[in-house]
Structures are given as C-alpha cells and as structure tokens.
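Colleague: give me a 3D structure for the following:
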Amino acid sequence: MSALWIASVEVTDAEAYGEYAKRAGPAIAAHGGAFLARGGRTVVLEGTARPRNVVARFPSVEDAVACYNSPEYQEALSFAKGASTRDLYVVEEAD
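Modeller: Numbers count the residues shown, from 1 in each chain. Got it, this is the predicted structure:
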C-alpha cells in the first residue's frame with residue numbers, strides 16, 4: 001500500500017532550510033517519493049498548524065522509512081535541524 005509522508009514545519013533559518021530542501025528532494029525521489037504538496041497555502045479548520053506543510057507519496061511505509069534513514073536524506077536533514085521546528089510522520093493510504 002502506498003503511504004504519505006507528511007511534514008508540518010516552521011522555518012527559523014531560511015537559508016539553511018533552503019539547503020535542506022534542495023538536498024531532500026532528490027533523496028525523496030530516489031526512494032520512489034513524489035511531492036503532492038510542498039509549502040502551498042494551508043487553511044486551518046481545527047487545531048494548530050505550522051506555516052509550511054509538505055506531503056509526499058511513497059510506494060509503501062517501508063519505502064518512506066527507508067528514505068528517512070538513508071544517508072542522503074540524513075545529510076539533507078542535518079541542514080533542517082536547528083533551522084526549523086517540525087513534525088514528520090508517515091501514514092499508510094487507504095484502499
């Protein structure tokens with residue numbers, strides 16, 4: 001089953017986070033990920049959201065987790081740490 005990688009982000013250092021985004025995109029694509037939403041307009045109907053929200057689809061939960069743990073993504077992630085506050089989770093899609 002395919003899975004969604006969902007990130008809710010508040011960027012605190014735009015330059016460093018830009019470097020993360022530049023590197024993360026190819027790492028995500030290399031693991032079969034494709035962006036469905038990447039920082040577009042968000043309307044909060046309930047609860048709290050951060051200003052930047054990203055959704056990518058992967059072939060499976062395992063592919064999304066493998067991407068996260070890959071050396072390429074971890075290198076990209078080193079630029080996001082300290083440059084953002086974020087939540088990231090993977091949700092398996094329904095049939």
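Colleague: what helix or strand is P26 located in?
Modeller: According to DSSP states H and E, P26 maps onto helix 14-30.
Colleague: quick check: angle from the helix or strand just after that helix to helix 14-30?
Modeller: Following helix 14-30 in sequence order, the next helix or strand is strand 34-38 (DSSP H and E). Interaxial angle, strand 34-38 versus helix 14-30 (axes from the mean of the first three to the mean of the last three Cα atoms, to 10 degrees): 150 degrees.
Colleague: which strands border strand 34-38, and is each parallel or antiparallel?
Modeller: Strand 34-38 pairs in its sheet with strand 52-58 (antiparallel), by DSSP bridges.
Colleague: chain center to the strand it pairs with: distance?
Modeller: Taking Cα atoms, centre = their mean, to the nearest Å, one finds the center of strand 52-58 at 5 Å from the center of the full chain.
Colleague: now do the helix holding P26: everything it contacts.
Modeller: With contact meaning Cβ atoms under 8 Å, 6 or more residues apart in numbering, helix 14-30 is reached by 5, 9, 11, 35, 56, 67, 70, 72-73, 75-77, 79-80, 82-84. From N, CA and C alone the C-beta is placed, and that goes for glycine too.
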